[in-house]
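Colleague: How does the following fold in three dimensions:
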Amino acid sequence: MTHAAVAAPPGPLADNRTRMRGLVAACAGNLVEWFDFFVYAYLAIYFAPALFPSEDQTTQLLSTAAIFAVGFLMRPLGGWLFGWLADTRGRKFSMMVSVFMMSTGPLLIALIPTYAQIGVLAPIVLLTARLVQGLSVGAEYGTGATYISEIATKGRRGFFGSFQYATIIAGQLCALGTIIVLQNLLTEEQLSTWGWRIPFFMGAVGAVVVVYLRRAMTETASEKEMHSKEAGSIKGLLHHKRAALLVVMFTAGGSLWFYTFTTYMQKFLVVSGGFEKTTVSTIMTCALICFMLAQPLFGMLSDRIGVRTHMLIFTSLATLFAVPILFAIQSATGPFQAFLLVLAGLMIAAFYTPISGLVKADLFPPSIRALGVGLPYAIGNAAFGGTAEYVALWMRSTGIETSFFYYVAALAFVAFVASILLPNLKRHGYLDGDGRIEENVAPGLTKVLDPIAHRA
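Modeller: Numbering: from 1, shown residues only. Below is the predicted model of the structure:
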């Protein structure tokens, strides 16, 4: 059966100003959400001693990394629940609900008493907060990617989509900037005792601003699609098993690469590279600024050469250079050398990040698009992206740290295989093509996917 491509509805969205307002509203929530997530990752080195009893730094960091990873386990539930809401009640409704949840997690963390005050309840409250955050982030990505792909015009979807990851990076930069300011205003003792709580309060307040911005969003889902039989259903998603499997494969390599060179890199440069915490904050800030500015440029490039070509470039470079780059960072002799190496890893990621949401949204019809983007992505991200830091630290603690480098390369290769299997979305995607994805998943190679998809 052939499905016609469905563009954004006419009317209000024909106005470019309305499109831009929708883009800002979608991305503002993304920024606040990821500010909260990255603040946790970057401040773990300060609050771990307050919330966990061990005297060993690596053990404390493993504990915080485990809870960081557990938060990601809620993302499939968030991807399913909010994907269903977005496909049956509308993208705007789903994104408004997620904003209200957004402020709960950071507020809980900001108010946690220390381990010395309440004992084992401290890490339990931390875990609860991370589970709420994980649910919320599972909502934001799938619905946000769907909404942005639907408000964008043909030939500019890569450019529009680039702002989703640009605001993820902006959230990181805001988190890093906040930490740098605190590091300069407070002593290390003050940061470790109470200063680490300040950014979590900031994240909770930021969600209030997002509520205001999203009130004016224009809905992109049509009444017909929201009331169709397949809308937001797992049964409907199972009709597109191959597309869902491709999303999981893309996400496995892409998310692992992204989190390795962003959240984990902050710790890797300290515990393996031997750099001071403040020096690492500066290195990462400079590298991430370059990475953020590159997003729209790489997004425009994808509009010219196509998302499949972009994915092939990213996955091949990641497969080939993961091990050499990580070995080089481990033995870097100075901050500038470390900066160049981290930047090299991020520039490879820039072939993936601007089109990450777009390539997934193009694989599914509107009635199950938010679910199709959100749930398989959340599964891949929970299994490989969210666990990146924990796996890396665990391998370090067992004396096989360099095995992690090969693990990153292996998952990049999995994403490379998915890129080869991807059809020409300009001809067969659901946004601009004829919607015949299932019939055109790399003709001649579908037999590779079929057995896997049926087992899944």
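
Colleague: what residues does stretch 249-257 touch?
Modeller: 311, 314-315, 318, 322, 345, 348-349, 352-353, 356, 359-360, 376-377, 379-381, 383-386, 388, 407-408, 411-419 (Cβ atoms under 8 Å, 6 or more residues apart in numbering). Backbone N, C-alpha and C define where each C-beta goes, glycine included.

Colleague: Tell me how far that stretch lies from the chain's centre.
Modeller: The chain centre lies 10 Å from the centre of stretch 249-257; the measure is Cα atoms, centre = their mean, to the nearest Å.

Colleague: again with stretch 187-201
Modeller: 26 Å.

Colleague: Check stretch 214-222 too.
Modeller: 23 Å.

Colleague: Give the closest residue to Gly345 in space, chain neighbours not counted.
Modeller: Phe261 (4.1 Å; Cβ to Cβ, 6 or more residues apart in numbering).

Colleague: Check what pLDDT that neighbour gets.
Modeller: On pLDDT, Phe261 comes in at 94.

Colleague: For it, give its distance to Lys154.
Modeller: Separation of Phe261 from Lys154 (Cβ to Cβ, to the nearest Å): 32 Å.

Colleague: of those two, who's got more company?
Modeller: Taking Phe261 and Lys154 together and counting by other Cβ atoms under 10 Å, Phe261 has the greater number of neighbours (29 against 12).

Colleague: Quick check: that one vs Ala86, distance?
Modeller: Going from Phe261 to Ala86 by Cβ to Cβ gives 30 Å.

Colleague: from the contacts of stretch 249-257, which would you call buried?
Modeller: Listed as buried from those are 311, 314-315, 318, 322, 345, 348-349, 352-353, 356, 359-360, 376-377, 379-381, 383-386, 388, 407-408, 411-419; burial here means 16 or more other Cβ atoms under 10 Å.

Colleague: Among those residues, name the ones in helices.
Modeller: In helices, judged by DSSP state H, the following of the buried ones among the contacts of stretch 249-257 are found: 311, 314-315, 318, 322, 345, 348-349, 356, 359-360, 376-377, 379-380, 388, 407-408, 411-419.

Colleague: where are the low-confidence patches of the chain?
Modeller: The chain contains residues with pLDDT under 70 at 1-15, 54-62, 65, 68-72, 433-456.

Colleague: tell me which residues in the host helix or strand of Tyr390 are buried?
Modeller: Using DSSP states H and E, Tyr390 sits in helix 388-397. Neighbour counts over helix 388-397 (16+ other Cβ under 10 Å) mark Ala388, Glu389, Tyr390, Val391, Ala392, Leu393, Trp394, Met395, Arg396 as buried.

Colleague: Correct me if wrong: the second one contacts Met265.
Modeller: No: under the criterion of Cβ atoms under 8 Å, Glu389 lies out of contact with Met265, with a separation of 9.7 Å.

Colleague: buried sites along the helix ranked longest in the chain?
Modeller: Longest helix of the chain, by residue count under DSSP H: helix 16-51. Across helix 16-51, burial judged by 16+ other Cβ under 10 Å covers 18-19, 21-51.

Colleague: Same check on stretch 169-176?
Modeller: Result for stretch 169-176 [16+ other Cβ under 10 Å]: buried residues Ile169, Ala170, Gly171, Gln172, Leu173, Cys174, Ala175, Leu176.

Colleague: ok now do the residue nearest to Trp34 when sequence neighbours are not counted, which residues does it touch?
Modeller: Excluding the flanking residues, the one nearest Trp34 by Cβ to Cβ, 6+ apart is Gly171, at 3.2 Å. Shown in contact with Gly171 (Cβ under 8 Å, 6+ apart): Asn30, Leu31, Val32, Glu33, Trp34, Phe35, Asp36, Phe37, Phe38.

Colleague: downstream neighbour of the helix or strand harbouring Gly171 in the secondary structure list?
Modeller: Element membership for Gly171 (DSSP H and E) is helix 157-185. Counting by DSSP H and E, the element after helix 157-185 in chain order, helix or strand, is helix 188-193.

Colleague: which residues make contact with that next one from outside it?
Modeller: Against helix 188-193 from outside (Cβ under 8 Å, 6+ apart): Tyr46, Phe47, Pro49, Ala50, Leu182, Gln183.

Colleague: pretty sure the fourth one is in contact with Tyr115, am I right?
Modeller: It refers to Ala50. Yes: between Ala50 and Tyr115 there is a contact under Cβ under 8 Å: 6.6 Å.

Colleague: residues shared between the contacts of these two?
Modeller: In contact with both Ala50 and Tyr115: Ala122, using Cβ under 8 Å, 6+ apart.

Colleague: so the residue nearest to Gly345 makes contact with Leu346?
Modeller: Yes: here Phe261 lies in contact with Leu346, judged by Cβ under 8 Å, at a distance of 5.5 Å.

Colleague: What's the separation between the residue nearest to Phe405 when sequence neighbours are not counted and Val270?
Modeller: Nearest residue to Phe405, sequence neighbours excluded (Cβ to Cβ, 6+ apart): Leu326, at 4.2 Å. Computed as Cβ to Cβ, the Leu326 to Val270 distance reads 15 Å.

Colleague: just Leu320 next, same as before
Modeller: Note on Leu320: its distance to Val270, by Cβ to Cβ, is 27 Å.

Colleague: Neighbour count for these two, which is higher?
Modeller: Each of Leu320 and Val270 has its neighbours counted (other Cβ under 10 Å); Val270 has more, 18 against 15.

Colleague: I'm done for today, thanks for sticking with me.
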